[in-house]
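[1] Build me a model from this:
(one chain, ligands or ions: 1)
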Amino acid sequence: MKIGLEVHVALPTKTKLFCSCSMEAAEPNSCICPICMGFPGSKPMLNKAAVESALGIANALHCSIKKEMSFVRKVYFYPDLPKSYQITQMEGSIGSGGYLEIGDKRVRIRRVQIEEDPAQLIRDGALTLIDFNRSGTPLVEIVTEPDISSEEEMRSFIGSLRSILYYLGVDINKEIKADVNISVAETRVEVKNVTGIKSMIESLRFEIERQTEAIRNGEEIAKETRGYNEKARSTQTLREKESDEEYGYIFESDLTVFGTEGLKFNLPVYANEVAKELAKGTDVSSRTVSEIIMLDRDSLAQINRLRGRHGLRSIIHGIERYKKYGSMERMPDRVLDSIVLLIDNGKEVPKEAITDLESGKDAKVEYSELSEEQLDKLINEYVAGNPELINEYMKQPKTVNFIIENIARPNGLHPKVVARRLMPILNRIAESR
Ligand SMILES: [Zn+2]
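    Numbering: from 1, shown residues only. Next up is the predicted model:
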């Protein structure tokens, strides 16, 4: 089985792709002008911010970047497209020949192209209404080769892509939209405009079953474009698959050829790589870390802030605990810090404790009080009993947190109290070597 995707990503610009109309959500047909309404004689002007955003995506997907890109008119008639053509890219696409890694596999990216979204048709009983606010808003279309061969791979592809976009700062709160091309045998069937991974998977399952059944019955599978019906969870024929010739692509002469050199773009921070780096030398798997930071970009900053005071495992555990019981959208550092302290001291962190912490009450952590002599004795004993850990610390000072935790936790001590007495002792050892 071969699956190829054409994924549409809305770019987070302030204005539309070819005019200065606002992208802010507003009353229907309030953010419009002659350019995005397709009036005769209106001339498009390219939005630089949209190109830079698309450039970041093409680069993150390892595409080669066209030094000079150009646009074409994809000619067809539909009520959402009054000028009778959509401005898009083909040979002149901003990026091509890239890939996205899912596990050990590379899914090749044929093309990353910039295009405009048409207007939005709203069906209302027997009426169809048109909202032109969406007309001319910038999209990036990511076209893959048919390298995906299972439902799981499709899920991983979309997951990885979302993560890349997220870490590029391309805000994709909306669900991803895609055309899903599925061939169980030779013939390719395209399911158009599927929104969200759930529907993508359901349409895929339906098509596999339908095409397999047809092959079993000796029927010919038509090369066609189908639509996905969310309610019926099935696909239906929309039209015969059109060929590129039928669209009559022609060069968009209102826009010139654009040089891309010298344009700025964001470099992505890959969640997976960040997670690997964070998990190095700890007992937490990089997968666990990446799952947490992929869900919520704030948690990465939070982990980095608390890393000096706590072990990674405790922080992750604290974040998971908060996600389960916390009520604030963004967990304050103060709250997470207290949760982690409770965890470090072997305490349970029930919902009530988190509610208390959120309302500003102190964490009910009781620490043992030791005299300085008792504390030094304890630390010296630990240091003498764990020469490998101390040697490791001399090479990698970061491991000090592990030592602090090991002393503090079983003795019910505050990690800061331990750190205050431990550091001079370690420094003395380092000097004597
Ligand atoms: Zn406009």
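
[2] When you work out contacts or count neighbours from here on, use the C-alpha atoms and nothing else.
    Will do.

[3] Return the list of helices and strands in contact with the helix or strand containing Ser314.
    Per DSSP states H and E: Ser314 is located in helix 312-325. On a contact count with 3 or more CA pairs under 8 Å, 6 or more residues apart in numbering; DSSP states H and E, helix 312-325 meets helix 297-306, helix 333-344, helix 351-358.

[4] again, only using 7 Å
    Under the contact criterion of 3 or more CA pairs under 7 Å, 6 or more residues apart in numbering; DSSP states H and E, helix 312-325 touches helix 333-344.

[5] by contact count, what packs against the helix it packs on?
    On a contact count with 3+ CA pairs under 7 Å, 6+ apart, helix 333-344 meets helix 312-325.

[6] Show me how the protein divides into domains.
    Domain assignment for the chain by automatic domain parsing gives 2-259, 271-358, 372-432.

[7] Rounded mean pLDDT for the last one, please.
    Looking back up the chat, that one is domain 372-432. When pLDDT is averaged over domain 372-432, the result is 86.

[8] quick revisit: buried residues, the helix holding Ser314. List them.
    Neighbour counts over helix 312-325 (16 or more other CA atoms under 10 Å) mark 312-316, 318-319, 321-322, 325 as buried.

[9] now these in JSON lines, with distance to the ion?
    Shown next, in JSON lines, are the buried residues of helix 312-325 (distance: CA to the ion, whole Å):
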{"residue": "Leu312", "distance to the ion": "49"}
{"residue": "Arg313", "distance to the ion": "51"}
{"residue": "Ser314", "distance to the ion": "51"}
{"residue": "Ile315", "distance to the ion": "48"}
{"residue": "Ile316", "distance to the ion": "46"}
{"residue": "Gly318", "distance to the ion": "48"}
{"residue": "Ile319", "distance to the ion": "44"}
{"residue": "Arg321", "distance to the ion": "47"}
{"residue": "Tyr322", "distance to the ion": "45"}
{"residue": "Tyr325", "distance to the ion": "46"}
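
[10] in a helix, that's where Tyr166 is, yeah?
    Yes. Judged by DSSP: H, G, I helix; E, B strand; the rest coil, Tyr166 forms part of a helix.

[11] so how far is the ion from it?
    The spacing between Tyr166 and the ion, counted by CA to the ion, to the nearest Å, is 27 Å.

[12] With Ile201 instead?
    Using CA to the ion, Ile201 is found at 35 Å from the ion.

[13] picking up where we left off before, among the domains of the chain, which comes closest to Phe265?
    Closest of the domains of the chain to Phe265 is domain 2-259, at 5.0 Å (criterion: CA to CA).

[14] Can you give me the neighbour number for the spatially closest residue to Glu220 that is not a sequence neighbour?
    Leaving aside its sequence neighbours, Glu220 sits nearest to Ala214 (CA to CA, 6 or more residues apart in numbering; 6.9 Å). Counted with other CA atoms under 10 Å, residues neighbouring Ala214 total 13.

[15] So Ala214 versus Ile221, what's the distance?
    Ala214 is 7 Å from Ile221, where distance means CA to CA, to the nearest Å.

[16] Thr195 too?
    Note on Thr195: its distance to Ile221, by CA to CA, is 24 Å.

[17] Identify all contacting residues around the helix holding Ser314.
    With contacts defined as CA atoms under 7 Å, 6 or more residues apart in numbering, helix 312-325 is touched by 284, 303, 336, 339-340, 343-344, 351, 354.
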